[in-house]
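Q: Model the structure of this input:
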Amino acid sequence: MTLKGKKIAIFVDQLYQEMEVWYPYYRLLEEGAEVHLIAAEAGKTYPSKLGYPCTSDKSYDAVIPGDYDGLIAPGGFAPDFIRRHPQSSHFMHEINAQGKLVAAICHGLWCCCSADVLRGKRVTSFFAIKDDVVNAGGVWEDSEVVIDKNLVSSRKPSDLPAFMRACIAVLAAQQ
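A: Residues are numbered from 1 along each chain as shown. Predicted structure coming up:
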């Protein structure tokens, strides 16, 4: 239980990639963290790419960055919907400014682009959004996981074990 007392947010919206929400969710719970699924509307059920339901705990408007130790942005097509809400970008930007974990996998880096947290940071993502990441100031590389201080990124679902090891290590090192 290396993360006992830590509170982590995971962004969700329609068409999320199932493994990129549920694998982090359950790994963080196993490590003792409190995990909240955050979306545009609290209590709303969002379907995954395959229709698997995910009900949000809180809305972007109801969360305070200072109350959280980290944030994970999953992939799928959900990031395109998540970043349409200025409060989601504000939340991510503030979590980053506080030096707390900002983690994104696959298309989740789209959220990082909109939140302006990539400038000068080494990152990876799904290859199809490399141009978006680079145009947002990220220094892109094709690696299983990239850690640049508080920012953790990975490319795809098969990278999830390395992604979560890195996220847990960054969270455990935070005071």
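Q: Would you confirm that residue 147 belongs to a strand?
A: Yes - according to DSSP: H, G, I helix; E, B strand; the rest coil, the state of residue 147 is that of a strand.
Q: how much space between it and residue 47?
A: 32 Å (C-beta to C-beta, to the nearest Å). Bear in mind the C-beta positions are built from the backbone N, C-alpha and C, glycine included.
Q: Between the two, which has more neighbouring residues?
A: Neighbours around residue 147 and residue 47, counted as other C-beta atoms under 10 Å, are more numerous at residue 147. The numbers are 18 against 13.
Q: in the sheet, who's paired with the more buried one?
A: For residue 147, the beta-bridge partners are residue 152 (DSSP bridges).
Q: contacting residues for it?
A: Applying C-beta atoms under 8 Å, 6 or more residues apart in numbering, we find residue 147 in contact with 166, 169-170.
Q: Now go through those and say which are in strands.
A: Among the contacts of residue 147, no member is found in strands (DSSP state E).
Q: where along the chain do the strands fall?
A: Using DSSP E, strands in the chain cover 7-11, 34-39, 45-47, 53-55, 58-59, 70-73, 101-105, 122-123, 139-140, 145-148, 151-154.
Q: Listing partners with orientation, what would you give for the fifth one?
A: When pairs are called by DSSP bridges, strand 58-59 turns out to pair with strand 34-39 (parallel).
Q: Show me what counts as buried in the partner strand.
A: 35-39 (16 or more other C-beta atoms under 10 Å).
Q: how far off strand 7-11 does it point, in degrees?
A: 30 degrees (axes from the mean of the first three to the mean of the last three C-alpha atoms, to 10 degrees).
Q: chain center to strand 34-39: distance?
A: 11 Å (C-alpha atoms, centre = their mean, to the nearest Å).
Q: And for stretch 100-110?
A: 4 Å.
Q: Equivalent analysis for stretch 151-171, please.
A: Distance, centroid of stretch 151-171 to centroid of chain: 10 Å (C-alpha atoms, centre = their mean).
Q: Report the mean per-residue pLDDT for it.
A: The pLDDT scores in stretch 151-171 average 98.
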